[in-house]
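Student: Quick one, structure for this:
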Amino acid sequence: METGNHSQSERATWLVIVALLILILVKGMFTYVFVGDPGQPTWDYRPARDVPGESPYAIYAPLPHPQHVKGDKGE
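Tutor: Take a look at the predicted model:
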């Protein structure tokens, strides 16, 4: 019985497991530190009005009915 090869194989297996564990932990810490949510931004753009009749950048005149479609009474 050769126990030397088995012992060496077992040691190599544990080294691979520990190396993968360290890789996963380092990658997780990197993601947490550099990619994580830093919180509320310090600037405020305020809500943008995107309804065509309310936007100051609208290129069309607002229609008389709230549906903003052409036709009889907005239908």
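Student: so which strand or helix has residue 20?
Tutor: With secondary structure defined by DSSP states H and E, residue 20 is part of helix 4-30.
Student: low-scoring stretches of the chain, by residue?
Tutor: 1-4, 46-75 (pLDDT under 70).
Student: quick one: buried residues of the helix holding residue 20?
Tutor: For helix 4-30, burial by neighbour count (16 or more other CB atoms under 10 Å) applies to no residue. (Each C-beta comes from the backbone N, C-alpha and C, glycine too.)
Student: other SSEs contacting that helix?
Tutor: Helix 4-30 sits against no helix or strand, with contacts defined as 3 or more CB pairs under 8 Å, 6 or more residues apart in numbering; DSSP states H and E.
Student: Offset the numbering so it begins at 15, please.
Tutor: Got it, first residue is 15 now, which makes that one helix 18-44.
Student: how many neighbours does residue 51 have?
Tutor: The number of residues packed near residue 51 is 6, by other CB atoms under 10 Å.
Student: Let me fix that, I meant to ask about residue 53.
Tutor: With other CB under 10 Å as criterion, residue 53 counts 6.
Student: residues in contact with it?
Tutor: Listed by CB atoms under 8 Å, 6 or more residues apart in numbering, residue 53 has no contact partners.
Student: Now do the SS call for it.
Tutor: Three-state call for residue 53 (DSSP: H, G, I helix; E, B strand; the rest coil): coil.
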